[in-house]
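**Q** I would like the atomic coordinates for the input below:
(one chain, ligands or ions: 2)
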Amino acid sequence: MSKALIENIHAREIFDSRGNPTVEVDVVLNDGTLGRAAVPSGASTGDREAVELRDGGTRLQGKGVANAVNNVNGEIASALTGKSPFNQAEIDQLLIKLDGTPNKARLGANAILGVSMAVARAAANSEKIPLYRYLGGVDLELPQPFFNVINGGVHADSGIDVQEFMITPVKRESFCDGVEKVANVYHTLKKILAEQGLETAVGDEGGFAPKLGSTEHAIETLYKAIETAGYTAGSEIAIALDPASSEFYDNETQLYHFEGQKLTSHDLLAYYENLVAKFPAIISIEDGFSEHDWDGFAAQTKAQGDKIQLVGDDIFVTNPAIFAEGIEKGVANAILIKLNQIGTVTESIEAIKMARKAGYNTMISHRSGETVDSFIADFAVAMHAGQIKTGSMARSERIEKYNQFLRIEEELGAAARLAKFPE
Ligand SMILES: O=C(O)[C@@H](CO)OP(=O)(O)O
Ligand SMILES: [Mg+2]
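**A** Ligands and ions are numbered 1, 2, ... in the order given. Predicted structure coming up:
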């Protein structure tokens, strides 16, 4: 192992795919190696996510990250200079302690995660091995990819309440083969929408944002695209949804404002049950219930948990302590992993390990505000996480992640292992 130590840490403000400021960190080692990482940012965020530090005030509409950048360049750089980059857990522990709050509110999860990821990259680069190998050793696996081809909710002005309509290739000979199949459906969907005079411009995650009116109509259109492209919906191309229902839940009345109706938790469950019965290609629903409706989520898990995957995003916020509670209460059967929800690489790994122990599936996720940093692609392979969602094709910051898997698949050659289709 290289003996290199951290010599310098420097952060700067860069801009994400929505034109909002975000943090980029350079970690330089005393052997001259550079590790660079950029932090993503969500729009439909969970209330209990680690705190993304924003400046407030009038500059950049209060969204500047000068404070987070200064925290990296000042306090964090002083604390980490001279330390070894090769013990990620120790570095992350130091960052957590230095911050001193339970939710990284003082230094900012954006400052802390940028450093955490850049340290891992610097260590991998210093050892002259790919990041996925540095983090994962020999137990590597390419995940099942979920492409978000229709955008709704707060990610687009399509007027559809469900935030994400994803497709995933069930049968695939390689990662590349799977991407090709999805590309066929994607282009066919574009043609179908254009023929109907619908919008083919894309939303925040690179999926189309047509005014299809309802969730059912969006799914019908997806079925049509899958079948017109020459595949069978369900057995060849499956569908996953992220309603991101915290966004349409009224905490006071405890009702879901969905497609012009006010639904109780019970009504919404009946809606999902009908939806899955009508469209059996749906294999996964994320955040079907609000982060403030644990009972609703648990009831769905009881009713649908043995038929489809139920993913907890806002409700768990990649937080091992909150997730432990969720496991105990029988909420969901899978967890979405977003590094910036918790703020360090090590804690994200902890959540994945916890999921594995409890028999929960794991899906690594991008944020709706992204950069071209493809850290999560390497991370998913290293953690053999099983699944990833990172948007769709028509936005470079999304396709960059999928392209990174293609590079990794090529590098691994015969050793490239594909994740089993999630059950
Ligand atoms: O809800 C989600 O799963 C994410 C990513 O798709 O969206 P955001 O980053 O806006 O929270
Ligand atoms: Mg989500």
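
**Q** quick one, what contacts the residue of the stretch 1-150 of the chain found nearest ligand 2?
**A** The minimum distance from the stretch 1-150 of the chain to ligand 2, using Cβ to the ion, falls at Ser44 (6.3 Å). (Glycine included, C-beta is placed from N, CA and C.) Ser44 sits next to 153-155, 163, 244, 246-247, 314, 368 when contact means Cβ atoms under 8 Å, 6 or more residues apart in numbering.

**Q** One more: Ile352?
**A** 337, 362, 383, 385.

**Q** how near is it to ligand 1?
**A** Going from Ile352 to ligand 1 by Cβ to the nearest ligand atom, to the nearest Å gives 17 Å.

**Q** how would you label that residue: helix, strand or coil?
**A** Under DSSP: H, G, I helix; E, B strand; the rest coil, Ile352 falls in the helix class.

**Q** Poorly predicted segments of the stretch 201-350 of the chain, please.
**A** Along the stretch 201-350 of the chain, the model assigns pLDDT under 70 to no residue.

**Q** picking that back up, which of the contacts of Ser44 come close to ligand 1?
**A** 244, 368 (Cβ under 6 Å from any ligand atom).

**Q** Give me the neighbour count for the residue nearest to Leu34 when sequence neighbours are not counted.
**A** Leaving aside its chain neighbours, Leu34 sits nearest to Val28 (5.5 Å; criterion: Cβ to Cβ, 6 or more residues apart in numbering). Val28 has 18 neighbours, counted by other Cβ atoms under 10 Å.

**Q** what's the spacing between Val28 and Ala4?
**A** For Val28, the distance to Ala4 equals 10 Å [Cβ to Cβ, to the nearest Å].

**Q** Give me every residue in this structure lying close to ligand 2.
**A** 242, 244, 287, 313 (Cβ under 5 Å from the ion).

**Q** Just to check, the first one is in contact with Gln163?
**A** Which is Asp242. Yes: using Cβ atoms under 8 Å, Asp242 makes contact with Gln163 at a distance of 5.3 Å.

**Q** Just the closest of the residues of the chain next to ligand 2 to ligand 2, please.
**A** Asp313 (3.6 Å).

**Q** check contacts around that closest one.
**A** 46, 242, 244, 286-287, 336, 338, 365.

**Q** I'd like the distance between Ala4 and Ser84.
**A** 8 Å.

**Q** Check Glu13 too.
**A** Look at Glu13 and Ser84: by Cβ to Cβ, they are 28 Å apart.

**Q** So which residues of the stretch 51-200 of the chain form helices?
**A** With DSSP state H, counting those that start in this stretch as the criterion, the stretch 51-200 of the chain has helices at 66-71, 77-80, 88-99, 109-126, 131-136, 175-195.

**Q** Mind listing residues that contact the third one?
**A** Judged by Cβ under 8 Å, 6+ apart, the contacts made with helix 88-99 from elsewhere in the structure are 75-76, 79-80, 83-85, 104-107, 112, 115-116, 119-120, 123, 135, 344-347.

**Q** circling back: would you mind getting the angle between the helix or strand where the residue nearest to Leu34 lies and helix 109-126?
**A** Assessed by DSSP states H and E, Val28 sits inside strand 21-29. Relative orientation of strand 21-29 and helix 109-126, computed by axes from the mean of the first three to the mean of the last three Cα atoms, to 10 degrees: 30 degrees.

**Q** Strand 21-29 vs helix 88-99, what angle?
**A** Calculated by the same axes, to 10 degrees, strand 21-29 forms an angle of 130 degrees with helix 88-99.

**Q** Can you point out the buried residues in strand 21-29?
**A** 21-29 (16 or more other Cβ atoms under 10 Å).

**Q** What is that strand packed up against?
**A** Strand 21-29 makes packing contacts with strand 6-15, strand 34-38, helix 109-126 when contacts are defined by 3 or more Cβ pairs under 8 Å, 6 or more residues apart in numbering; DSSP states H and E.

**Q** Centre of the chain to the last one, how far?
**A** Computed by Cα atoms, centre = their mean, to the nearest Å, the chain-centroid distance of helix 109-126 equals 18 Å.

**Q** the inter-axis angle of that helix versus strand 6-15?
**A** 130 degrees.

**Q** Report the mean confidence score over helix 109-126.
**A** For helix 109-126, mean pLDDT rounds to 98.

**Q** among the helices of the stretch 51-200 of the chain, which is nearest Trp294?
**A** helix 109-126 (23.4 Å; Cβ to Cβ).

**Q** Now do the same contact list for Gly234.
**A** 170, 280-281.

**Q** Try it again at 10 Å.
**A** Contacts for Gly234 (Cβ atoms under 10 Å, 6 or more residues apart in numbering) come out as 170, 223, 226, 279-283.

**Q** quick one: which of those residues has the most company?
**A** Most surrounded of the contacts of Gly234: other Cβ under 10 Å gives Ile226, at 25 neighbours.

**Q** Over to it. Which of the three states is it?
**A** From three-state DSSP, the assignment for Ile226 is helix.

**Q** got a list of what it touches?
**A** 167, 181-182, 184-185, 188-189, 232-234, 236-239, 281.

**Q** Identify, from these, the entry nearest to Leu269.
**A** Set against Leu269, the nearest of the contacts of Ile226 by Cβ to Cβ is Ile239 (18.8 Å).

**Q** residues in contact with the residue nearest to Leu189 when sequence neighbours are not counted?
**A** Ranked by Cβ to Cβ, 6+ apart and with sequence neighbours excluded, the top spatial neighbour of Leu189 is Ala225, at 3.7 Å. Residues in contact with Ala225, defined by Cβ under 10 Å, 6+ apart, are 149-150, 167, 184-193, 208, 231, 233, 237.

**Q** tell me the centre residue of this protein?
**A** Centroid check for the chain by Cα atoms, centre = their mean gives Ser365 as the closest residue, at 1.5 Å.

**Q** Now that one: phi and psi?
**A** phi -140, psi 140 (degrees, to the nearest 10).

**Q** now it: how far from ligand 1?
**A** With the distance defined as Cβ to the nearest ligand atom, Ser365 ends up 5 Å from ligand 1.

**Q** Would you mind confirming that that residue is in contact with Phe146?
**A** Yes: the criterion here is Cβ atoms under 10 Å, and Ser365 meets it with Phe146 at 9.1 Å.
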